[in-house]
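Undergrad: sequence first, then the predicted structure, then my questions.
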Amino acid sequence: MAPFAGEEAEGTLNYAKQIKYWRRHLRTFLPHHYTGNDSNRMTFAYFILAATDILGDLDSALSAEDRQGYIEWVYQCQLPDGGFRAFPGTDFGDGARSDDNAPWDPANIPGTFFALSILVLLRDDLSRVKRRETLRWLKKMQRPNGSFGEALGENDVVEGGNDSRFGYMGTGIRYILRGNVEGPVEGVPDIDVDSFVKCVQIAETYDGGLSEAPLHEAHAGFAACAIAALAFIDRLPTSSGASDDRPRGITNLPLTLHWLASRQTLTLDDEDALDTLNDETDSAATCHDAHAFVKLGSHPSKQGSLSFENQPTSHFELQWVGVNGRCNKIGDTCYAYWTCAPLALLGHLDIIDRKPIRRWLLDRTQHMVGGFGKLPGDFPDIYHSFLGLMTLSIFGEAGLKDTDVLLNMSNKAKEHLLSLAWRREIVGN
Amino acid sequence: MAPTFYHDDPKWSNIKPIPQNDTARPLAAIAYTDEYSEAMSYLRAVMAKNEYSHRVLGLTDHIISMNPAHYTIWLYRFKVLSELHADLREEIAWLNVTALKHLKNYQIWHHRQTVIDKLGSPEGEADFIATMLQQDTKNYHVWSYRQFLVQRFGLFDDEGELKWTEGMIEEDVRNNSAWNHRYFLVFGGKGEQTADKAIVERELNYAKAAIKKAPQNQSSWNYLRGVVRRNKLPTSTLKDFALEFADIEKPDDVTSSYALDTLADIYTEYQSKREEAKKALDLLATRYDPVRAHYWNYRKRLLE
């Protein structure tokens, strides 16, 4: 659709600044305030490279030596029994590793998923990946209830949360290394796919969302990870509704769509998210999402009337729509991704209005130095910057590469994975 | 606090630090402070030889203050505590302070669960949670942890727990975490079991009273609809209630978009009410919830 003449207010992605932002993160040390994310370095490394790729800058940003050097860095994080650590910080160095100290330097689920993703992105052939060992380890990472953890502790106890983040990355490792073929591959048994599906099912919430664990609060991040995991193992609801007797997740699709659509919000600023403590009625300060539309104050208590008596009754504009991660929360860049990615995977991106979300990202959370912040005016960080950019690419932003929502990489990079000979042999095409 | 350097400290002179092996072309390399780099080098050295000592406890504390997301330092710390037969109450006291510094960290909650599980008592935890919720009444980790406590110590039918939750909802009727916790308490211990009629009635009335106070509130409506659905009541149970806030015959007089949404669902269930359903969805798309116009129009298309 051609923009109307005179309508400049369309929102623009500042390519030059975005490229500069990511190049800086690729080329120079991350500032020391990233120390709290030291153990997420593999994840951040992937975000930096993938964003650079989506912006079409990867090939010009990297020399052949860089590419090879980065590949070596990733392999340096591989463990003798398969899997990768999430950062070099636990590596005891040559010869110091033993069975006794191995629990302090374990393979890690996010570390492994993003290490493999980086290798794909850098067009490595993954021939040095200890594939069988990694898949055997992956099986051990699944608990009897179907969930995945973060790393193995002493006596092979599965440590870490049991939420869908690890389920997403666990099924992602499986997808990269063996597609979604069910049953043993090369003599290595498969994960228990059915029990994983059940574990996703029981984390569905009463309002149609998905949560960290059964009966916990619905949260878009966990919903996105659960839905993506189901996509990796081909257990999303079928579009025809036909059943093939295999358990599938998202047992009430219409309700989940309702919940995901409900994440769009007009609460965009900290100022909007006024403290509603002790405010027991509807006012311009408490319910932006409809206050301009519904007739408020029909049921006001005395205290409630007082609370909005002197408030301006500004009308909120619909050109900028944010996305939140839970009911009655403020919009936040990362939730644009955590909400739109599952909608795309469910084939229902059309139930939200991309245009005002895009404008919110571009006009409000895109930062003038490049990248995206969490909230309007916030400084950008790697996490929000990557997920903001991914959302725009899901929306089909002109000038960004087409991406695969599931792997969060350009389709071009994914083609490389699908073309690998050893993998084609396993998946049979 | 002045930076602590271990190489100057005679207590650590018998340890040969292991520097980080970051290769020639590292990715996402961080400009570590000397303090952090050195402490991590000593950590690798003591971990490599499985040292469990008081000085190691101090070292883990030091590193956690800079990088609480380190995923094995917590396991290591717990191992040290166990080997030293340390007083776990002291560990909780230390965690109380540390948690306030790292409100969004995952690992710290996992560690707390491990410690409390071993102690076998939730004593004092309610106070700690209250302090945490003062910082952020919707902190996801805190509510999840509260749910762990309820499960671990069988507090589903604890009256104090339900009362506390009610207090949280009264303080902020839009606190979705508090609503969810109520659902967790009331129905969470029951599995697939049907709930008592009286309890279902109580819950419906509770949600309705909250909606009457603030009709434009997603949390209370979701709760109401959730209770109806879980207990397999027909949606039409809510028809008269919804009509108090929205009536398609009075399109200028709507006080809750969620009531309109509920009516659309009720009408959709009846073949003969398709036109009414479309009208409700139209009102949502064009007047009362235009933020979600695409969604309401999609719902309308399903009725064609």
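TA: Looks like it arrived, so ask away. Numbering: from 1, shown residues only, chains lettered A, B, ... in the order given.
Undergrad: ok, A:Y206 - contacts?
TA: B:183, B:222-223, B:225-227, B:229-230 (CB atoms under 8 Å, 6 or more residues apart in numbering or on different chains). Every C-beta, even on glycine, is put in place using the N, C-alpha and C of the backbone.
Undergrad: filter the residues you listed down to the buried ones.
TA: The neighbour-count test (16 or more other CB atoms under 10 Å in any protein chain shown) marks B:183, B:222-223, B:225-227, B:230 as buried among these.
Undergrad: for these, which one is nearest chain A?
TA: B:G226 (3.1 Å; CB to the nearest CB).
Undergrad: thinking that closest one is in contact with A:D207, fair?
TA: Yes: between B:G226 and A:D207 there is a contact under CB atoms under 8 Å: 5.7 Å.
Undergrad: which among the contacts of A:Y206 gets closest to A:Q78?
TA: Nearest to A:Q78, judged by CB to CB, of the contacts of A:Y206 is B:Y183 at 44.1 Å.
Undergrad: helix, strand, or coil at the closest residue to the closest one other than its chain neighbours?
TA: Leaving aside its sequence neighbours, B:Y183 sits nearest to A:Y206 (CB to CB, 6 or more residues apart in numbering or on different chains; 5.7 Å). When classified by DSSP: H, G, I helix; E, B strand; the rest coil, A:Y206 comes out as coil.
Undergrad: I'd like the distance between A:Y206 and A:L343.
TA: Distance, A:Y206 to A:L343, by CB to CB, to the nearest Å: 20 Å.
Undergrad: next one: A:A229
TA: Counting by CB to CB, the gap from A:A229 to A:L343 is 16 Å.
Undergrad: thinking again about what came up before, got the buried ones among the contacts of A:Y206 as JSON lines, with secondary structure and distance to A:F196 columns?
TA: Output for the buried ones among the contacts of A:Y206, formatted as JSON lines (DSSP: H, G, I helix; E, B strand; the rest coil; distance: CB to CB, whole Å):
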{"residue": "B:Y183", "secondary structure": "helix", "distance to A:F196": "25"}
{"residue": "B:N222", "secondary structure": "helix", "distance to A:F196": "27"}
{"residue": "B:Y223", "secondary structure": "helix", "distance to A:F196": "29"}
{"residue": "B:R225", "secondary structure": "helix", "distance to A:F196": "28"}
{"residue": "B:G226", "secondary structure": "helix", "distance to A:F196": "25"}
{"residue": "B:V227", "secondary structure": "helix", "distance to A:F196": "29"}
{"residue": "B:R230", "secondary structure": "helix", "distance to A:F196": "24"}
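Undergrad: make TSV out of the residues you listed and add pLDDT and distance to A:F386.
TA: Converted to TSV, the buried ones among the contacts of A:Y206 look like this (pLDDT from 0 to 100; distance: CB to CB, whole Å):
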residue	pLDDT	distance to A:F386
B:Y183	98	34
B:N222	98	31
B:Y223	98	35
B:R225	98	35
B:G226	98	34
B:V227	98	39
B:R230	96	38
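Undergrad: residues in contact with residue 140?
TA: Went with chain A since none was named. Applying CB under 8 Å, 6+ apart to A:K140 gives the contacts A:152, A:156, A:158.
Undergrad: um, chain B though
TA: Here B:Y140 is in contact with A:212, A:217, A:219, A:326, B:177 (CB under 8 Å, 6+ apart).
Undergrad: residues near the third one, how many?
TA: Residue crowding around A:H219 was assessed by other CB atoms under 10 Å in any protein chain shown; the count is 26.
Undergrad: what's the answer for the fourth one, then?
TA: A:R326 is flanked by 22 other residues according to other CB under 10 Å.
Undergrad: how near is A:D57 to A:A50?
TA: 11 Å.
Undergrad: more neighbours: these two, which one.
TA: Comparing A:D57 with A:A50 by other CB under 10 Å, the one with more neighbours is A:A50, at 26 against 18.
Undergrad: was I right about that one contacting A:I382?
TA: No: taking contacts as CB under 8 Å, A:A50 lies outside contact range of A:I382: 10.9 Å.
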